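Student: next input, structure requested:
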Amino acid sequence: MVPKLCPWFQPQSIPPYDSSSFICPLLHRLAEEVPCVATYLNSGLVSVARESLGVLGWRPVPRILPRPIWEPVPVPCPVGPLGTSFQRVIPEDGAAARTPEQVRRLIFCTGKVYYDLVKERSSQGLEGQVAITRLEQISPFPFDLVKREAEKYPGAELVWCQEEHKNMGYYDYISPRFMTILRRARPIWYVGRDPAAAPATGNRNTHLVTLKKFLDTAFNLQAFEGKTF
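Tutor: Numbers count the residues shown, from 1 in each chain. This is a model prediction of the structure:
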């Protein structure tokens, strides 16, 4: 059983206080005992359901997704991956992965925002300078695979990008775990919406403005120059 936990984050037509995108408390309550995933791929959903059934029996595996998808999201799923194991982390497989020494920024993310990032990267022509890695499993945290990705791009800035507000998404959960992996030798910069009292604005135009703002920051390669972590 893989129930979808919908954080009601797409705020175009709902009041702000009817939203509930408080993901971090859920992750802490799971205490690394129950897997928590944010996969959009059907192959990932099938794989995690199959594997969790063998390990956990009939215990549920939370799957965190936005409630509605207002615009079509290209999530192709060939038949082949349905017979493979669940990918806890999906690494960059484009131009950046072929020339890791030229990559200036490595963006970690999870969920739907990945597709916004890929679209923005393509529009700015930064496929060779910015790598994007997806965390499909959030809890238990995939320390080994995240470390491997960070070490693959030794000269790149590390960024965590999320669509939720800073105090409501994954950042408070993943940040100390990244620091454990990196031994505080490299910072993990935050890119996303500023802290807020409500998870949603209730206004589509405001939502799109803040989306554009943090996407611009994600691909501004000078955004963190001179800043301390």
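Student: going forward, measure contacts between C-alpha atoms and count neighbours the same way
Tutor: Noted.
Student: can you list the strands that the longest strand along the chain pairs with?
Tutor: Looking across the chain with DSSP state E, the single longest strand is strand 157-165. Paired neighbours of strand 157-165 in the sheet (DSSP bridges): strand 105-109 (parallel), strand 188-193 (parallel).
Student: tell me the most buried of these?
Tutor: Comparing these on average neighbours per residue, with mean count of other C-alpha atoms under 10 Å, the densest one is strand 105-109 at a mean of 24.
Student: give me the residues contacting the longest strand of the chain.
Tutor: With contacts defined as C-alpha atoms under 8 Å, 6 or more residues apart in numbering, strand 157-165 is touched by 9, 21, 104-110, 113, 150, 169-171, 186-196, 199, 211, 218.
Student: distance-wise, check the residue nearest to K152 when sequence neighbours are not counted relative to A156.
Tutor: Spatial nearest neighbour of K152, excluding adjacent residues (C-alpha to C-alpha, 6 or more residues apart in numbering): P100 at 6.7 Å. Relative to A156, P100 is positioned 9 Å away (C-alpha to C-alpha, to the nearest Å).
Student: equivalent analysis for A96, please.
Tutor: Taken as C-alpha to C-alpha, the span from A96 to A156 is 11 Å.
Student: what do these two both touch?
Tutor: Looking at what touches both A96 and A156 (by C-alpha under 8 Å, 6+ apart), the common residues are V103.
Student: can you tell me the element I138 falls in?
Tutor: strand 137-139 (DSSP states H and E).
Student: show me what that strand is packed up against.
Tutor: Using 3 or more C-alpha pairs under 8 Å, 6 or more residues apart in numbering; DSSP states H and E, the elements in contact with strand 137-139 are strand 36-37.
Student: quick check: mean pLDDT of the strand it packs on?
Tutor: For strand 36-37, mean pLDDT rounds to 62.
Student: kindly report the same for stretch 165-174.
Tutor: 90.
Student: return it as CSV; C-alpha atoms alone will do.
Tutor: Extracted C-alpha coordinates of stretch 165-174, given in CSV (Å, rounded to 0.1, in the frame of the first residue of the first chain):
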residue,chain,number,x,y,z
HIS,A,165,8.5,27.5,1.7
LYS,A,166,11.8,27.1,3.6
ASN,A,167,10.1,26.3,6.9
MET,A,168,7.6,23.9,5.4
GLY,A,169,9.4,21.6,3.0
TYR,A,170,12.3,19.2,3.1
TYR,A,171,15.2,21.5,3.9
ASP,A,172,15.2,21.3,7.7
TYR,A,173,15.2,17.5,7.4
ILE,A,174,17.9,17.1,4.7
